[in-house]
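Novice: Sequence and computational prediction follow.
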Amino acid sequence: MKKVSVVTVNYNQPKVTEELLLSIPKSYNNLEIIVVDNGSNADISTGWQSKYPKINFIRSDQNLGFAGGNNLGIKAATGDYLFLVNNDTEFTNGLIEKLVEALDDNPVAGMVSPKIKYFSNKSLIQYAGYSGMNYYTCRNSCIGLRETDNGQYDHITAPTAYCHGAAMMIKKEAIEKAGLMNENFFLYYEEVDWCESIKRAGYEAWVCTEAVIFHKESVSVGKKSKLKEYFMNRNRILFTRRNAPFLKQIIFYPYFVLLVVPRNLIAYIKNKNYSFIPMLLKAVWWNLTHGKNSNNLGYPINTIK
């Protein structure tokens, strides 16, 4: 039986994280659980260690972002397979077993995600795979998004363009070949960039819809926030710079500046989200003034709310 390391990152959400921990079934016998406290305001890792003595708690004194927090957990993990899950998810019975089976049975699969459904409405699908990236626009589509689950995506264990950052199980050997997540992203697009790295290392991204996890969407950042607007725009450009073929980049940049920026500005003004305007402009400026591997995030994180 393969050893599985479950890795999750907590940031100022102890109740949400504990709900996740309580949802993990005890049926899989070769399991380790790692919780990274990612610079939360209060260090609760000591109290948690007493409450959950079999769980490995790691404390970072600063917020390292999604990529950095997960990378801390990955470095500490000893499993053959690493299951990275958002702290705002809830396990279902058989989830781990079905993902392990998918990786065991398919040597070319380096990583796999389950079907993801919304916690608030468990009949609605959030993810059943991704389409490939259109690098002219840096857009793709999430298969099954907001569809009622009538079984239309059942019994699928197959390659997909990308795994989903809310829940993805990765072979340790694939991580060793592809490297860790790029911490330059901090938040958003880092898992898609990582999928590209793992595919370049000779593996495929898969989806297994027989496995299901529930997701409390946008608990950590919020449905609309300056933080989200900044990093979604900044990292969309950055992802293209790092992964798109050169000729497609040439088309993407005018598209983004001439179409996306004006469209977003109009939407911000229409919806009276005036504070989003400087976030968008800073996102574009960062990409004009920084290399694609720069570790400078471009804006003090604690000032973005």
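Specialist: Nice, I can see it. Numbering: from 1, shown residues only.

Novice: Buried ones in the helix or strand encompassing residue 47, by neighbour count?
Specialist: Using DSSP states H and E, residue 47 falls within helix 45-51. Across helix 45-51, burial judged by 16 or more other CB atoms under 10 Å covers 45, 48. For glycine as for every other residue, the C-beta is placed from the backbone atoms N, C-alpha and C.

Novice: Quick one: residues in contact with it.
Specialist: 14, 35, 37, 55, 57-59 (CB atoms under 8 Å, 6 or more residues apart in numbering).

Novice: Tell me where the stretch 1-150 of the chain has strands.
Specialist: 4-10, 31-38, 56-60, 81-85, 89-91, 109-118, 125-127 (DSSP state E, counting those that start in this stretch).

Novice: As CSV, could you dump the C-alpha coordinates of the second one?
Specialist: By that I understand strand 31-38. The C-alpha coordinates for strand 31-38 follow below in CSV (Å, rounded to 0.1, in the frame of the first residue of the first chain):
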residue,chain,number,x,y,z
LEU,A,31,-1.5,8.0,5.8
GLU,A,32,0.3,11.0,7.2
ILE,A,33,-1.3,14.4,7.6
ILE,A,34,0.7,17.7,7.5
VAL,A,35,-0.8,21.1,8.3
VAL,A,36,1.2,24.2,7.5
ASP,A,37,0.2,27.2,9.5
ASN,A,38,1.1,29.9,7.0
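
Novice: Could you provide the strands of the stretch 1-150 of the chain in CSV, with additional columns for distance to residue 135, mean neighbour count and mean pLDDT?
Specialist: Below are these laid out as CSV (distance: least, CB to CB, whole Å; neighbours: other CB atoms under 10 Å; pLDDT from 0 to 100):
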stretch, distance to residue 135, mean neighbour count, mean pLDDT
strand 4-10, 29, 25, 97
strand 31-38, 31, 22, 96
strand 56-60, 34, 17, 94
strand 81-85, 25, 25, 98
strand 89-91, 30, 22, 97
strand 109-118, 21, 26, 98
strand 125-127, 21, 24, 96
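
Novice: Tell me which of those sits nearest to residue 140.
Specialist: strand 125-127 (12.1 Å; CB to CB).

Novice: tell me which strands and helices the closest one is in contact with?
Specialist: Applying 3 or more CB pairs under 8 Å, 6 or more residues apart in numbering; DSSP states H and E, we find strand 125-127 packed against strand 109-118.

Novice: Convert the strand it packs on to CSV, retaining C-alpha atoms only.
Specialist: Taking Å, rounded to 0.1, in the frame of the first residue of the first chain, the C-alpha atoms of strand 109-118 are listed here in CSV:
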residue,chain,number,x,y,z
ALA,A,109,-0.1,9.9,-14.7
GLY,A,110,2.0,12.2,-12.5
MET,A,111,-0.9,13.9,-10.8
VAL,A,112,-4.6,13.4,-10.5
SER,A,113,-7.6,15.5,-9.2
PRO,A,114,-11.0,14.2,-8.1
LYS,A,115,-14.3,15.5,-9.1
ILE,A,116,-14.9,18.7,-7.1
LYS,A,117,-18.4,19.6,-6.0
TYR,A,118,-19.6,22.7,-4.1
